[in-house]
Each structure stands twice: as C-alpha cells, then as structure tokens.
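S.K.: Mind folding the following:
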Amino acid sequence: MEGILDWLGAVRHALEVPLFDVGDSQVTLWTLAYILVLIVVLFYATSVMRALIVRRLLARTSLDRGAREAAGTVTRYIVLLIGLLIIVQTAGINLTTLNVLAGAVGIGVGFGLQNVVNNFFSGLIVMFERPIKIGDRIEVDGIDGDVIEIGARSTKVLTNDNIAIIVPNSKFITENVVNWKYSDDVVRFRIPVSVAYGSDARKVEKLLLEVAEADEDVLENPPPAVRLIEFGDNGLEFELRAWTSTQTHRKGKLFSSLNFGIYEKFNENDIEFPFPQRDLHVRGGPLEVSVTGKGKETSK
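M.R.: Numbers count the residues shown, from 1 in each chain. Below is the predicted model:
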C-alpha cells in the first residue's frame, strides 16, 4: 500500500513541474491535464444537454423541428463558452493575463481564419433569422436537397441520390437561396407541353386538366390550370400548372407521372406532338418530288 502511495506521489510531483508562466500563474502538466479532461467532459455534457433540450423539453412545445434544433444549438454554444471560461479560471489561470495572446489570436483570425469566422457568424445568423430550417427543400449554388442539419460552420444538405453535401453557412448569406418550403409545403410546378399546329386547343386544355386531376399528388385546391403560352416555331406551346404538397422534394417524380399521363391521353385522343419544321426555299432550277412509300418522299 505504501508503495502505491509513493508511486502516486511521484506521479503527482512530476505533473506539478512548471512548464511555463502565464502572467503570475504557472502552467504545469497537471494544469494541462485538468483543462483537457474538463473540456472533453464539457463537450460531451453539452452534446447530451442539446439532445435533451431538442428531443424532450422543446418537443412538448408548438415549435417546429427547425426552431427546436436552432434553440438547442445556440444554447449549447452559450454553455460551452461559459464552461470554457470557468474551466480556465478554476485551473488557476488569470484570464486578464491572456489579453496579449487574445490580441495575437485576433490578428491570426483576421488573416488566416477569415472563412472559418465568416461561416461561424453566418451560421448564427441562419439560426436566429431562420431563412432555412431543418426539413426545408432548398436550392443553393447548384445544390438541390433537404436540410438535415445546421451547424456552426456548415449545413448538411441531403440530395435525392442520398448524398450528403456540406455547404458553408456563408453561402446562405451571400448567395440567392431558393427555399421550396419557406412558408408551407404547397408548391406549384409548371410542366411544358407542345402540340402540333392544327390541334384543337380547347380539347388539349381539357385533356391536360383531366391528367392533372387524375394524379393523386396534384392538389384539388388550388386547382390545376392550363395556359397557352405562345405559338412556337414547331407547334402550340402549352403549360400545365399543378399544385402539390407531397412531391415538393421529388419534382422529377411528379413531372414523370404527369408526362406519362399526358402521352397516353394524347395518343388516345389523336393529339399529335410537333416535329421540327423548316421552310426550304429553292432559289432556282427544277425540283421534282416523287413518293416512294407510305409517308416517305424523295426529291430530285
């Protein structure tokens, strides 16, 4: 027993050997180990605390998921900051002696860590102003996906290919962001449709509405609508406008479903799709045309 105590005393004596001074305070191995262990415990404890706040405490309120996540994250950062200050103070290091070091770090941040700091404060702005929330469908910088996590430095966006993309938070402050679910889940999509000249325009309108009304993902209210947009080079250009709340994050699926329906409906009712049309001007000389088969012509 005495041997163990002597060994512990020797270890404690070795850990208390001064390494360097910070103002009037001496920093030892014991001080560094104390700070390191408490910082690890602090990060773990704040992570657990955030999960309890989001999943249990705030889950009982009327706040949506995005608001709960933002509140939990901000609370964790505040507790981390206060905890780090307390740990340094209880380790015997006077914070007033770190002013010079803080100034040097500030210069380093200003030159070398501009993007990190920019993304951090952009993350705080995103959390407080909430231009995007967890669960939103967004488009930013060519990325299209669902927001699954908003962190201090970056935001995770999950695409329909199940690929997570890490987007720096500064993108949401400096770039144009399309948020498909900012106010609610109801979104209108526009499906372009072309038909050949000579088609009955009113009949085309009726058929397009029938296709939209038969699709279970298209809302009845607001009702779908059809617009004759223009007289194109090759045919009449229509636009089917359909509202949905279930396929906001799967635009391609809705377009495919409606296009299949349109194709089948037009075939049943002999509505032709246009082919490219070009006018051929013959400046001179004879031009002979002969029919060689059904629907085929040759010119000489």
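
S.K.: contacts, neighbours, all on C-alpha from now
M.R.: Fine.

S.K.: what comes up buried for stretch 178-190?
M.R.: Going by neighbour count (16 or more other CA atoms under 10 Å), the buried part of stretch 178-190 is 178, 179, 180, 181, 186, 188, 189, 190.

S.K.: now swap in stretch 257-265 and tell me
M.R.: Quick answer for stretch 257-265 (16+ other CA under 10 Å): 258, 259, 261, 262, 265.

S.K.: Mind jotting down where the helices sit in the stretch 51-200 of the chain?
M.R.: Assigned by DSSP state H, counting those that start in this stretch, the stretch 51-200 of the chain shows helices spanning 65-90, 99-112, 114-129, 171-174.

S.K.: tell me the angle the first one makes with helix 114-129.
M.R.: Compare the direction of helix 65-90 with that of helix 114-129 by axes from the mean of the first three to the mean of the last three CA atoms, to 10 degrees and you get 120 degrees.

S.K.: got a list of contacts for stretch 264-277?
M.R.: Under the contact criterion CA atoms under 8 Å, 6 or more residues apart in numbering, stretch 264-277 has outside partners 194, 195, 196, 197, 199, 204, 207, 211, 233, 234, 235.

S.K.: Just the CA trace of it, in PDB.
M.R.: Provided in PDB are the C-alpha atoms of stretch 264-277 (Å, rounded to 0.1, in the frame of the first residue of the first chain):
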ATOM      1  CA  GLU A 264     -51.200   8.300 -73.000                       C
ATOM      2  CA  LYS A 265     -54.100  10.700 -73.100                       C
ATOM      3  CA  PHE A 266     -52.900  12.400 -76.300                       C
ATOM      4  CA  ASN A 267     -52.400   9.100 -78.000                       C
ATOM      5  CA  GLU A 268     -55.900   8.000 -77.100                       C
ATOM      6  CA  ASN A 269     -57.400  11.300 -78.500                       C
ATOM      7  CA  ASP A 270     -55.100  11.600 -81.600                       C
ATOM      8  CA  ILE A 271     -53.400  14.700 -80.400                       C
ATOM      9  CA  GLU A 272     -50.100  15.000 -82.200                       C
ATOM     10  CA  PHE A 273     -46.800  16.100 -80.800                       C
ATOM     11  CA  PRO A 274     -44.900  18.500 -83.100                       C
ATOM     12  CA  PHE A 275     -41.900  17.700 -85.100                       C
ATOM     13  CA  PRO A 276     -39.300  20.300 -86.100                       C
ATOM     14  CA  GLN A 277     -40.400  22.200 -89.100                       C
END
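
S.K.: circling back to that earlier point, ok, of the buried residues of stretch 178-190, which one's closest to residue 81?
M.R.: If you rank the buried residues of stretch 178-190 by distance to residue 81 using CA to CA, residue 179 comes first, at 32.1 Å.

S.K.: can you give me the strands in this protein?
M.R.: For the chain, the strands defined by DSSP state E cover 18-22, 25-28, 137-140, 143-150, 154-158, 164-168, 178-179, 187-196, 225-231, 235-244, 289-293, 296-299.

S.K.: For the ones you listed, give me a markdown table that also has mean pLDDT and distance to residue 253.
M.R.: Putting the strands of the chain into a markdown table (pLDDT from 0 to 100; distance: least, CA to CA, whole Å) gives the following:
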| stretch | mean pLDDT | distance to residue 253 |
| --- | --- | --- |
| strand 18-22 | 61 | 63 |
| strand 25-28 | 70 | 63 |
| strand 137-140 | 89 | 15 |
| strand 143-150 | 88 | 14 |
| strand 154-158 | 91 | 17 |
| strand 164-168 | 92 | 20 |
| strand 178-179 | 90 | 19 |
| strand 187-196 | 93 | 12 |
| strand 225-231 | 94 | 19 |
| strand 235-244 | 94 | 12 |
| strand 289-293 | 67 | 41 |
| strand 296-299 | 48 | 38 |
